[in-house]
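K.L.:
I'll drop the sequence and a predicted model, then ask my questions.
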Number of protein chains: 2
Amino acid sequence: MSTYPELPQLLKRRLFYQGRKFSFEVNRLRLPNKAEGEMECIRHPGGAVAVPLTEDGKLILVRQYRFATGRRLLEFPAGTLETGEDALETARREIQEETGYKAHRWDRLGQFYVAPGYSDEIIYSYLARGLELLENPPSQDEDEDLEIVFMGVSELEEAILNGEAVDAKSIASLVLLKPFLDKEE
Amino acid sequence: MSTYPELPQLLKRRLFYQGRKFSFEVNRLRLPNKAEGEMECIRHPGGAVAVPLTEDGKLILVRQYRFATGRRLLEFPAGTLETGEDALETARREIQEETGYKAHRWDRLGQFYVAPGYSDEIIYSYLARGLELLENPPSQDEDEDLEIVFMGVSELEEAILNGEAVDAKSIASLVLLKPFLDKEE
């Protein structure tokens, strides 16, 4: 017998909107206490973030305007998994498109859910080293305007603690990066 | 003259779904390159997370089933801001409802966007100390079944690096917590 209580039971799944990158569902559930309720949910293919680290210990970030938030945020290069795409491929593509750098050495940092209360999105995080500035970088997505920012790890930590607008995936990736930095010291 | 390029322009805002906790919009935008596009967006009142730290250096987390993800996650106690509620009030409420502890000492850790590609949700993070186990804790939300977990900071970091399912807000909060731990050493 499980030590866990009963789980909510899905009564009806209703696709409300199919977007370019993800869909929006409203599901009817029966809760363990037998009450019924509606639960809204983003179905997302997942994302990948690259943490580019240069030979001299600088991180490469991008500062970009995010329509949903109405402001510019500082983030590691990242994007949504395209159909049939592996998360590492997404990271390889996005670092080139957003920063113009190609990475020759990749390590898996880990992964996390971004908003488990209403989204199944997992972001896979990768360390990108052996960086080479491309002579002819791929063109950016048409809706992206990006400023490239170089920062040391403690400089980024300080910026975050001083209230610079940085998103959760970029902050969380710093925790996953830690063992690699310890190794290098 | 701004050094930043032109921003996307909102042509039409369409409310698609009004949920209990947030709404879902589909917006028509004109991009700086004059192309038009649809942009899906969660409008969210924001969230608050409490990082409960005991006298002997243990963090208090909750392990709970998340319907959107289909699995149990380890997270700091957190919740959505209710109407008219300040983020600190939300954190005070959630720590009691989810862990049965009340905190007598609160410090602001910082805040971050959780999914800036499609949501305006900001999570405000607070350090909760001076913990007192309530004799009569408030009842949990009916759809929550929670296991309470005590962990040291490095024990949690290790669990994250070993692939335990933890969400981005909980991992990111560890970065914000760092200056408070350094002070205590």
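P.N.:
Received, thanks.

K.L.:
just the strands in chain A please.
P.N.:
For chain A, strands defined by DSSP state E occupy the ranges A:9-18, A:23-30, A:36-43, A:47-52, A:58-66, A:71-75, A:78-80, A:101-113, A:122-133, A:146-152.

K.L.:
Can you redo those strands as JSON lines, where the extra columns are distance to chain B, mean neighbour count and mean pLDDT?
P.N.:
Just so you know, the C-beta spots here come from the backbone N, C-alpha and C atoms, and that holds for glycine as well. Output for the strands of chain A, formatted as JSON lines (distance: least, CB to the nearest CB, whole Å; neighbours: other CB atoms under 10 Å in any protein chain shown; pLDDT from 0 to 100):
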{"stretch": "strand A:9-18", "distance to chain B": "6", "mean neighbour count": "12", "mean pLDDT": "92"}
{"stretch": "strand A:23-30", "distance to chain B": "5", "mean neighbour count": "18", "mean pLDDT": "93"}
{"stretch": "strand A:36-43", "distance to chain B": "4", "mean neighbour count": "18", "mean pLDDT": "92"}
{"stretch": "strand A:47-52", "distance to chain B": "8", "mean neighbour count": "27", "mean pLDDT": "98"}
{"stretch": "strand A:58-66", "distance to chain B": "4", "mean neighbour count": "21", "mean pLDDT": "96"}
{"stretch": "strand A:71-75", "distance to chain B": "5", "mean neighbour count": "19", "mean pLDDT": "96"}
{"stretch": "strand A:78-80", "distance to chain B": "7", "mean neighbour count": "22", "mean pLDDT": "97"}
{"stretch": "strand A:101-113", "distance to chain B": "5", "mean neighbour count": "18", "mean pLDDT": "98"}
{"stretch": "strand A:122-133", "distance to chain B": "7", "mean neighbour count": "19", "mean pLDDT": "98"}
{"stretch": "strand A:146-152", "distance to chain B": "8", "mean neighbour count": "15", "mean pLDDT": "95"}
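
K.L.:
Residue B:42: which of these is closest?
P.N.:
strand A:36-43 (7.3 Å; CB to CB).

K.L.:
What helices and strands are in contact with that closest one?
P.N.:
strand A:23-30 (3 or more CB pairs under 8 Å, 6 or more residues apart in numbering or on different chains; DSSP states H and E).

K.L.:
repeat that with 10 Å
P.N.:
If you count contacts as 3 or more CB pairs under 10 Å, 6 or more residues apart in numbering or on different chains; DSSP states H and E, strand A:36-43 packs onto strand A:9-18, strand A:23-30, strand B:23-30, strand B:36-43.

K.L.:
just checking, what packs against the second one?
P.N.:
In terms of contacts (3+ CB pairs under 10 Å, 6+ apart), strand A:23-30 is packed against strand A:9-18, strand A:36-43, strand B:9-18, strand B:23-30, strand B:36-43.

K.L.:
Go through those and name the closest to residue A:152.
P.N.:
Per CB to CB, nearest to residue A:152 of these: strand B:36-43, 33.5 Å.

K.L.:
contacting residues around residue A:37?
P.N.:
For residue A:37, the contact set (CB atoms under 10 Å, 6 or more residues apart in numbering or on different chains) comprises A:8, A:11, A:27, A:28, A:29, A:30, A:31, B:20, B:67, B:142, B:143.

K.L.:
beta partners of the fifth one?
P.N.:
Right, the one you point to is residue A:29. Per DSSP bridges, the residues bridged to residue A:29 are residue A:10, residue A:37.

K.L.:
isn't it right up against residue B:67?
P.N.:
Yes. The pair residue A:29 and residue B:67 qualifies as a contact (CB atoms under 10 Å) at a distance of 6.7 Å.

K.L.:
Residues that sit against both of those two, list them.
P.N.:
By CB under 10 Å, 6+ apart, the residues touching both residue A:29 and residue B:67 are A:7, A:8, A:10, A:37, A:39, B:143.
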